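Novice: model this:
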Amino acid sequence: MARDEINAFLGAGTTYQGRLDFEGSVRIDGNFQGEVESSGTLVVGKDATIIGQVKVGQLVLSGRLEGDVTAQKKVTMHKTAVFYGNLVTPALVVEDGAVLEGKVTMDFTSQASLPAEVED
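Specialist: I've put the predicted structure just below:
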């Protein structure tokens with residue numbers, strides 16, 4: 001299976017509650033409330049809404065997310081993204097037009113080495 005291939009797809013017009021654990025990549029285009037945990041990639045479509053706690057390797061956000069997010073590698077917020085909550089990630093990309101409201105912590109502890117300009 002290709003590295004960027006989607007393993008599962010939660011479609012538009014559907015609502016899910018509970019806990020989602022996965023490997024690889026998952027795309028959500030519907031509504032999800034609960035917990036998401038994975039070392040893989042979570043892709044949130046532009047019409048999706050997630051409310052809850054998210055702990056993933058990478059997050060690609062185009063929809064709405066309310067809650068706490070911890071990403072091991074990177075978070076990308078596209079121009080249609082709306083995020084309310086607390087975010088912890090070593091790398092953050094925010095496109096012009098995205099909404100980001102809350103606390104952001106750039107946590108470099110999970111990276112092998114810090115860039116020279118960040119070290120104390």
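Novice: going forward, measure contacts between C-alpha atoms and count neighbours the same way
Specialist: OK.
Novice: G24: neighbour count?
Specialist: With neighbours defined by other Cα atoms under 10 Å, the count for G24 comes to 18.
Novice: what's the closest non-adjacent residue to it?
Specialist: G40 (4.7 Å; Cα to Cα, 6 or more residues apart in numbering).
Novice: who's in contact with whatever helix or strand E66 lives in?
Specialist: For E66, the enclosing helix or strand under DSSP states H and E is strand 64-77. Taking Cα atoms under 8 Å, 6 or more residues apart in numbering as the criterion, the residues outside strand 64-77 that touch it are 39, 44, 46-62, 81-95, 98, 110.
Novice: change it to 6 Å
Specialist: For strand 64-77, contacts defined as Cα atoms under 6 Å, 6 or more residues apart in numbering pick out 49-61, 81-89, 91-94.
Novice: Quick one: residues contacting the residue nearest to G24.
Specialist: Neighbours of G40 in contact, by Cα under 6 Å, 6+ apart: 23-25, 56-57.
Novice: helices and strands around the helix or strand harbouring Y84, which ones?
Specialist: Assessed by DSSP H and E, Y84 sits inside strand 82-89. Contacts defined by 3 or more Cα pairs under 6 Å, 6 or more residues apart in numbering; DSSP states H and E place strand 82-89 against strand 64-77, strand 99-106.
Novice: Of these, which stretch is the most buried?
Specialist: strand 64-77 (a mean of 21; mean count of other Cα atoms under 10 Å).
Novice: Strand partners (parallel or antiparallel) of that one?
Specialist: Using DSSP bridges, strand 64-77 pairs in its sheet with strand 49-61 (parallel), strand 82-89 (parallel), strand 92-94 (parallel).
Novice: Looking at those strands, which is nearest to T105?
Specialist: Counting by Cα to Cα, T105 lies closest to strand 82-89 out of those; the figure is 4.7 Å.
Novice: what does the closest one rub up against?
Specialist: 64-71, 99-107.
Novice: The strand holding Y84 relative to strand 99-106, how many degrees between them?
Specialist: Counting by axes from the mean of the first three to the mean of the last three Cα atoms, to 10 degrees, strand 82-89 lies at 10 degrees to strand 99-106.
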